[in-house]
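Peer 1: Quick one, what's the 3D model for this:
(one chain, ligands or ions: 1)
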Amino acid sequence: MNVLTLLGSARKKGNTATALGWVEDALTGMGHDVTRVFLHGKNLNGCMGCAQCKQVISAPGCIQKDDIPEILDQMTAADLIVFASPLYFWGPSAQIKAVIDRTYSLYTRYHETDHSSLLEGRREAFLMTGAGGWDNNAEGAFAAFKRMQKPHKTQYAGELFLANCTVPAEMTDHTKEKTLSFARQIGV
Ligand SMILES: Cc1cc2nc3c(=O)[nH]c(=O)nc-3n(C[C@H](O)[C@H](O)[C@H](O)COP(=O)(O)O)c2cc1C
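Peer 2: Below you'll find the model as predicted:
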(Lines give C-alpha, C1' and ligand atoms only; values in the text may rest on other atoms or scores of the structure.)
Protein backbone atom coordinates (compact mmCIF):
# COMPACT_ATOMS: atom_id res chain seq x y z
CA MET A 1 0.00 0.00 0.00
CA ASN A 2 1.18 3.51 -0.81
CA VAL A 3 0.97 5.57 2.39
CA LEU A 4 1.34 9.34 2.61
CA THR A 5 1.85 10.87 6.04
CA LEU A 6 1.42 14.59 6.62
CA LEU A 7 3.24 15.90 9.67
CA GLY A 8 1.46 19.03 10.84
CA SER A 9 3.73 19.98 13.73
CA ALA A 10 6.62 22.37 13.27
CA ARG A 11 8.55 20.38 15.87
CA LYS A 12 10.49 17.71 14.00
CA LYS A 13 11.24 15.86 17.22
CA GLY A 14 8.10 16.72 19.13
CA ASN A 15 5.26 14.55 20.39
CA THR A 16 3.44 14.30 17.08
CA ALA A 17 6.60 13.55 15.10
CA THR A 18 7.57 10.87 17.62
CA ALA A 19 4.19 9.15 17.50
CA LEU A 20 4.03 9.46 13.73
CA GLY A 21 7.51 7.90 13.50
CA TRP A 22 6.22 4.85 15.41
CA VAL A 23 3.29 4.60 13.01
CA GLU A 24 5.54 4.94 9.97
CA ASP A 25 7.98 2.30 11.21
CA ALA A 26 5.12 -0.10 11.89
CA LEU A 27 3.57 0.50 8.47
CA THR A 28 6.94 0.03 6.78
CA GLY A 29 7.39 -3.19 8.76
CA MET A 30 4.03 -4.35 7.37
CA GLY A 31 5.45 -3.95 3.86
CA HIS A 32 3.91 -0.60 2.93
CA ASP A 33 5.67 2.24 1.10
CA VAL A 34 5.56 5.27 3.37
CA THR A 35 6.30 8.87 2.37
CA ARG A 36 6.28 11.65 4.95
CA VAL A 37 5.69 15.31 4.09
CA PHE A 38 6.92 17.74 6.72
CA LEU A 39 4.38 20.49 6.13
CA HIS A 40 6.15 23.18 8.12
CA GLY A 41 8.99 23.06 5.57
CA LYS A 42 6.55 23.92 2.77
CA ASN A 43 5.03 27.05 1.38
CA LEU A 44 1.35 26.68 2.32
CA ASN A 45 -1.37 29.20 1.56
CA GLY A 46 -4.94 29.05 2.77
CA CYS A 47 -7.82 28.39 0.40
CA MET A 48 -9.03 31.58 -1.32
CA GLY A 49 -12.57 30.26 -1.79
CA CYS A 50 -12.45 31.43 -5.42
CA ALA A 51 -14.02 28.14 -6.63
CA GLN A 52 -11.95 28.24 -9.84
CA CYS A 53 -11.05 24.63 -9.02
CA LYS A 54 -14.67 23.61 -9.46
CA GLN A 55 -14.35 24.16 -13.22
CA VAL A 56 -11.89 21.25 -13.40
CA ILE A 57 -12.99 17.68 -12.67
CA SER A 58 -10.03 15.52 -13.73
CA ALA A 59 -7.30 17.36 -11.80
CA PRO A 60 -7.04 19.35 -8.54
CA GLY A 61 -7.58 22.57 -10.49
CA CYS A 62 -6.34 24.89 -7.74
CA ILE A 63 -4.89 28.04 -9.28
CA GLN A 64 -2.50 28.85 -6.41
CA LYS A 65 1.20 28.36 -7.09
CA ASP A 66 2.52 27.27 -3.71
CA ASP A 67 3.57 23.79 -2.54
CA ILE A 68 0.06 22.46 -1.94
CA PRO A 69 -0.79 21.30 -5.50
CA GLU A 70 2.12 18.83 -5.31
CA ILE A 71 0.85 17.58 -1.94
CA LEU A 72 -2.64 17.18 -3.40
CA ASP A 73 -1.14 15.07 -6.20
CA GLN A 74 0.64 12.94 -3.60
CA MET A 75 -2.66 12.51 -1.78
CA THR A 76 -4.47 11.33 -4.90
CA ALA A 77 -1.61 8.88 -5.58
CA ALA A 78 -1.83 7.38 -2.07
CA ASP A 79 -4.00 4.50 -0.84
CA LEU A 80 -3.86 5.72 2.76
CA ILE A 81 -3.31 9.28 3.99
CA VAL A 82 -2.34 9.82 7.62
CA PHE A 83 -2.87 13.35 8.91
CA ALA A 84 -0.80 13.98 12.06
CA SER A 85 -1.22 17.13 14.08
CA PRO A 86 -0.87 18.64 17.52
CA LEU A 87 -4.20 19.84 18.87
CA TYR A 88 -4.11 23.63 18.69
CA PHE A 89 -7.04 25.51 20.19
CA TRP A 90 -9.29 22.43 19.84
CA GLY A 91 -8.46 21.97 16.18
CA PRO A 92 -5.64 20.87 13.90
CA SER A 93 -2.52 22.99 13.36
CA ALA A 94 -2.58 25.70 10.70
CA GLN A 95 -0.35 23.58 8.45
CA ILE A 96 -2.78 20.66 8.44
CA LYS A 97 -5.78 22.95 8.14
CA ALA A 98 -4.28 24.68 5.10
CA VAL A 99 -3.93 21.33 3.32
CA ILE A 100 -7.41 20.22 4.36
CA ASP A 101 -9.00 23.44 3.14
CA ARG A 102 -7.22 23.15 -0.18
CA THR A 103 -8.65 19.65 -0.70
CA TYR A 104 -11.73 21.67 -1.67
CA SER A 105 -10.15 21.48 -5.14
CA LEU A 106 -10.27 17.66 -5.19
CA TYR A 107 -14.01 17.18 -5.51
CA THR A 108 -16.86 18.63 -7.52
CA ARG A 109 -20.63 18.87 -7.27
CA TYR A 110 -20.86 17.92 -3.59
CA HIS A 111 -24.52 17.27 -2.64
CA GLU A 112 -25.39 16.52 -6.28
CA THR A 113 -25.94 13.03 -7.67
CA ASP A 114 -22.85 13.38 -9.88
CA HIS A 115 -20.58 14.35 -6.97
CA SER A 116 -17.06 13.18 -7.84
CA SER A 117 -13.78 13.20 -5.93
CA LEU A 118 -10.20 12.53 -6.95
CA LEU A 119 -9.79 10.93 -3.53
CA GLU A 120 -12.63 8.46 -3.99
CA GLY A 121 -11.83 5.09 -2.41
CA ARG A 122 -8.73 6.32 -0.56
CA ARG A 123 -8.51 5.86 3.20
CA GLU A 124 -7.78 8.65 5.66
CA ALA A 125 -6.58 8.41 9.25
CA PHE A 126 -6.06 11.07 11.91
CA LEU A 127 -3.42 11.14 14.64
CA MET A 128 -3.37 13.96 17.16
CA THR A 129 -1.41 14.74 20.28
CA GLY A 130 -2.54 17.16 22.96
CA ALA A 131 -1.57 18.42 26.39
CA GLY A 132 -5.07 17.90 27.75
CA GLY A 133 -7.57 15.05 27.84
CA TRP A 134 -10.23 14.05 25.33
CA ASP A 135 -13.30 15.59 26.98
CA ASN A 136 -14.13 19.19 26.13
CA ASN A 137 -10.94 19.30 24.12
CA ALA A 138 -10.36 16.92 21.22
CA GLU A 139 -13.86 15.78 20.17
CA GLY A 140 -14.54 18.64 17.77
CA ALA A 141 -11.35 18.14 15.76
CA PHE A 142 -12.11 14.45 15.26
CA ALA A 143 -15.76 15.10 14.44
CA ALA A 144 -14.77 17.56 11.72
CA PHE A 145 -12.18 15.18 10.32
CA LYS A 146 -14.72 12.36 10.18
CA ARG A 147 -17.22 14.61 8.43
CA MET A 148 -14.64 15.40 5.73
CA GLN A 149 -14.86 11.81 4.45
CA LYS A 150 -18.18 12.62 2.79
CA PRO A 151 -17.01 15.34 0.38
CA HIS A 152 -13.75 13.43 -0.13
CA LYS A 153 -15.62 10.15 -0.80
CA THR A 154 -12.96 8.44 1.31
CA GLN A 155 -13.12 5.81 4.02
CA TYR A 156 -12.26 6.66 7.61
CA ALA A 157 -9.32 4.35 8.36
CA GLY A 158 -8.98 5.22 12.04
CA GLU A 159 -8.18 7.83 14.64
CA LEU A 160 -5.90 8.20 17.63
CA PHE A 161 -5.71 10.97 20.18
CA LEU A 162 -2.70 10.86 22.48
CA ALA A 163 -3.78 12.85 25.53
CA ASN A 164 -1.73 14.39 28.33
CA CYS A 165 1.40 14.75 26.22
CA THR A 166 4.27 16.69 27.79
CA VAL A 167 7.56 15.88 26.06
CA PRO A 168 8.49 12.88 23.89
CA ALA A 169 10.79 11.47 26.59
CA GLU A 170 7.77 11.10 28.85
CA MET A 171 5.62 9.20 26.37
CA THR A 172 4.99 5.86 28.05
CA ASP A 173 5.19 2.28 26.79
CA HIS A 174 1.41 2.23 27.02
CA THR A 175 1.22 5.25 24.70
CA LYS A 176 3.56 3.56 22.27
CA GLU A 177 1.53 0.34 22.36
CA LYS A 178 -1.68 2.30 21.68
CA THR A 179 0.05 4.00 18.75
CA LEU A 180 1.28 0.71 17.31
CA SER A 181 -2.19 -0.76 17.65
CA PHE A 182 -3.52 2.24 15.66
CA ALA A 183 -0.85 1.58 13.01
CA ARG A 184 -1.88 -2.08 12.76
CA GLN A 185 -5.51 -1.01 12.41
CA ILE A 186 -4.90 1.46 9.59
CA GLY A 187 -2.29 -0.71 7.88
CA VAL A 188 -4.67 -3.55 6.95
C1 LIG B 1 -0.77 27.19 20.05
C2 LIG B 1 -1.02 25.98 20.90
C3 LIG B 1 -2.32 25.60 21.18
C4 LIG B 1 -2.58 24.45 21.90
N5 LIG B 1 -3.87 24.10 22.12
C6 LIG B 1 -4.13 22.93 22.77
C7 LIG B 1 -5.48 22.48 22.95
O8 LIG B 1 -6.44 23.12 22.55
N9 LIG B 1 -5.68 21.30 23.59
C10 LIG B 1 -4.63 20.53 24.05
O11 LIG B 1 -4.87 19.45 24.61
N12 LIG B 1 -3.35 20.92 23.88
C13 LIG B 1 -3.07 22.10 23.24
N14 LIG B 1 -1.77 22.48 23.03
C15 LIG B 1 -0.69 21.55 23.42
C16 LIG B 1 -0.20 20.68 22.24
O17 LIG B 1 -1.27 20.16 21.50
C18 LIG B 1 0.64 19.49 22.71
O19 LIG B 1 1.71 19.94 23.53
C20 LIG B 1 1.14 18.69 21.54
O21 LIG B 1 1.48 17.38 21.97
C22 LIG B 1 2.34 19.33 20.87
O23 LIG B 1 2.75 18.54 19.81
P24 LIG B 1 4.19 18.68 19.14
O25 LIG B 1 5.20 18.32 20.18
O26 LIG B 1 4.17 17.73 18.03
O27 LIG B 1 4.32 20.09 18.68
C28 LIG B 1 -1.50 23.64 22.37
C29 LIG B 1 -0.18 24.06 22.12
C30 LIG B 1 0.07 25.20 21.40
C31 LIG B 1 1.49 25.62 21.12
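
Peer 1: What helix or strand is Arg102 located in?
Peer 2: For Arg102, the host element (DSSP states H and E) is helix 94-102.

Peer 1: Let me know the next secondary structure element after that helix.
Peer 2: strand 107-108.

Peer 1: Strand partners (parallel or antiparallel) of the very next helix or strand once past that following strand?
Peer 2: Using DSSP H and E, the helix or strand that follows strand 107-108 in sequence is strand 116-117. When pairs are called by DSSP bridges, strand 116-117 turns out to pair with strand 107-108 (antiparallel).

Peer 1: Other residues contacting the strand it pairs with?
Peer 2: By Cβ atoms under 8 Å, 6 or more residues apart in numbering, the surrounding residues in contact with strand 107-108 are Lys54, Ile57, His115, Ser116, Ser117, Leu118, Leu119, Pro151, His152, Lys153. For every residue, glycine as well, the C-beta is placed using N, CA and C.

Peer 1: Among the residues you listed, find the lowest-pLDDT one for me.
Peer 2: Minimum pLDDT for these is recorded at Ile57 (87).

Peer 1: pLDDT at the closest residue to that residue other than its chain neighbours, what is it?
Peer 2: Excluding its sequence neighbours, the residue lying closest to Ile57 (Cβ to Cβ, 6 or more residues apart in numbering) is Thr108, at 5.2 Å. pLDDT for Thr108: 95.

Peer 1: Let me have the contacts of strand 107-108 in CSV, extended by distance to the ligand and neighbour count.
Peer 2: Putting those into CSV (distance: Cβ to the nearest ligand atom, whole Å; neighbours: other Cβ atoms under 10 Å) gives the following:
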residue, distance to the ligand, neighbour count
Lys54, 33, 14
Ile57, 36, 14
His115, 33, 14
Ser116, 35, 14
Ser117, 29, 20
Leu118, 29, 22
Leu119, 25, 21
Pro151, 25, 17
His152, 24, 22
Lys153, 30, 17
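
Peer 1: Just send these back as CSV, with distance to Ala78 too.
Peer 2: Listed next are the contacts of strand 107-108 as CSV, based on distance: Cβ to Cβ, whole Å:
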residue, distance to Ala78
Lys54, 23
Ile57, 20
His115, 21
Ser116, 18
Ser117, 14
Leu118, 11
Leu119, 9
Pro151, 17
His152, 12
Lys153, 14
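
Peer 1: re the thing from before, what's the spacing between the residue nearest to Ile57 and the ligand?
Peer 2: Distance, Thr108 to the ligand, using Cβ to the nearest ligand atom, to the nearest Å: 33 Å.
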